[in-house]
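Undergrad: Sequence below, structure please.
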Amino acid sequence: MRIMNLTLTTTLFRPVGQKELDLIEQSDWKSFPPRLFWQPIFYPVVTEEYAIYIAEKWNTNDPNSDFVGYVLKFQIDQEYISQFDIQKVGGKESLEYWIPAEELDNFNPHIAGPIEVIHVFRAAH
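TA: Below you'll find the model as predicted:
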């Protein structure tokens, strides 16, 4: 008899621009790239709606995002993510985890399955 080891996961979302998406694609959709020197935290968000808001309203107006916003969806080990507190950074839907940049190498192995692109927004010309 074979007993399967089931890991409970939590669904999170991440708004990103083109450069970050390209790096995620290079990882075969398995991990997020290291943060830049001026980015002390990695912030996956709790709701799809909040990720859409950031991708559509911020990324599409940001030259560093190449004026495009992607919403990514991924699963993370529930036990692992529970060590971090959810941060409320605005309205009731503005909920995100603050993962210290130096923790990202530990975060990535806890992603279950591929990171998926679920929405794309481009700047209006």
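
Undergrad: and the helix or strand where Val71 lies, which strands flank it?
TA: Assessed by DSSP states H and E, Val71 sits inside strand 68-77. With DSSP bridges as the test, strand 68-77 is paired with strand 9-16 (antiparallel), strand 111-122 (antiparallel).

Undergrad: Where do the helices of the protein begin and end?
TA: With helices called from DSSP state H, the chain shows them at 18-26, 48-53, 78-81, 104-107.

Undergrad: Columns mean neighbour count on top of these, output as a markdown table?
TA: Heads up, the C-betas are built off the backbone N, CA and C, glycines and all. Shown next, in a markdown table, are those (neighbours: other C-beta atoms under 10 Å):
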| stretch | mean neighbour count |
| --- | --- |
| helix 18-26 | 16 |
| helix 48-53 | 18 |
| helix 78-81 | 15 |
| helix 104-107 | 14 |
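
Undergrad: can you redo those as TSV with distance to Arg122?
TA: Formatted as TSV, the helices of the chain follow (distance: least, C-beta to C-beta, whole Å):
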stretch	distance to Arg122
helix 18-26	10
helix 48-53	14
helix 78-81	31
helix 104-107	27
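
Undergrad: I'd like these laid out as JSON lines, including mean pLDDT and distance to His119.
TA: Shown next, in JSON lines, are the helices of the chain (pLDDT from 0 to 100; distance: least, C-beta to C-beta, whole Å):
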{"stretch": "helix 18-26", "mean pLDDT": "96", "distance to His119": "12"}
{"stretch": "helix 48-53", "mean pLDDT": "96", "distance to His119": "6"}
{"stretch": "helix 78-81", "mean pLDDT": "96", "distance to His119": "22"}
{"stretch": "helix 104-107", "mean pLDDT": "97", "distance to His119": "22"}
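
Undergrad: ok so, going back, give the rounded mean pLDDT of the strand holding Val71.
TA: What strand 68-77 shows for mean pLDDT is 97.

Undergrad: got the contact list for that strand?
TA: Here strand 68-77 makes contact (C-beta atoms under 8 Å, 6 or more residues apart in numbering) with 7-18, 21, 24, 44, 48, 51-52, 54-56, 58-60, 107, 110-123.
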